[in-house]
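Undergrad: need a structure here:
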Amino acid sequence: MTPEPLSQKEIEDRLAELPGWSLDGDKLTRSYRLASHFAATGLVVHIARTQEELGHHSELTLGYNTVTLAVNTHSAGGALTGLDFELAHKVAQLAPSHGAE
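TA: Numbers count the residues shown, from 1 in each chain. Sure, this is the predicted structure:
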């Protein structure tokens, strides 16, 4: 079953609940800064595990001490859906345990 795209109002309301996250075109995005490359790599592994559990994946970029996510729902034509916000909330909850800012 394909997830339903969210309305602009739903997107704005949900985005307000995610400090540090923003819209970049049709994607929900966030960058995290960490203390080291090793810490950033640990966060990437934790995010990858979470994405597998959800069955929903972001574009995930590892920099020296940064991790950047960009997510939308391909099966909904690239629109934002509840799945995107569910993933963002899970990442927002786990990132501090890696020292991410």
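
Undergrad: in what helix or strand does the spatially most central residue of the chain lie?
TA: What sits nearest the mean C-alpha location of the chain, by Cα atoms, centre = their mean, is residue 88, with 3.9 Å. Using DSSP states H and E, residue 88 sits in helix 82-94.

Undergrad: who does that helix touch, helix- and strand-wise?
TA: Packing partners of helix 82-94 (3 or more Cβ pairs under 8 Å, 6 or more residues apart in numbering; DSSP states H and E): strand 27-33, helix 37-54, strand 66-71. For every residue, glycine as well, the C-beta is placed using N, CA and C.

Undergrad: okay if I get the ones you listed as JSON lines plus mean neighbour count and distance to residue 79?
TA: What follows is the helices and strands packed on helix 82-94, written out as JSON lines (neighbours: other Cβ atoms under 10 Å; distance: least, Cβ to Cβ, whole Å):
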{"stretch": "strand 27-33", "mean neighbour count": "19", "distance to residue 79": "10"}
{"stretch": "helix 37-54", "mean neighbour count": "15", "distance to residue 79": "17"}
{"stretch": "strand 66-71", "mean neighbour count": "20", "distance to residue 79": "11"}
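
Undergrad: Now render these as CSV, adding distance to residue 14.
TA: Converted to CSV, the helices and strands packed on helix 82-94 look like this (distance: least, Cβ to Cβ, whole Å):
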stretch, distance to residue 14
strand 27-33, 9
helix 37-54, 16
strand 66-71, 13
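
Undergrad: Output these in TSV, with mean pLDDT and distance to residue 97 appended to each entry.
TA: Converted to TSV, the helices and strands packed on helix 82-94 look like this (pLDDT from 0 to 100; distance: least, Cβ to Cβ, whole Å):
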stretch	mean pLDDT	distance to residue 97
strand 27-33	98	12
helix 37-54	98	8
strand 66-71	98	13
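
Undergrad: All set, thanks.
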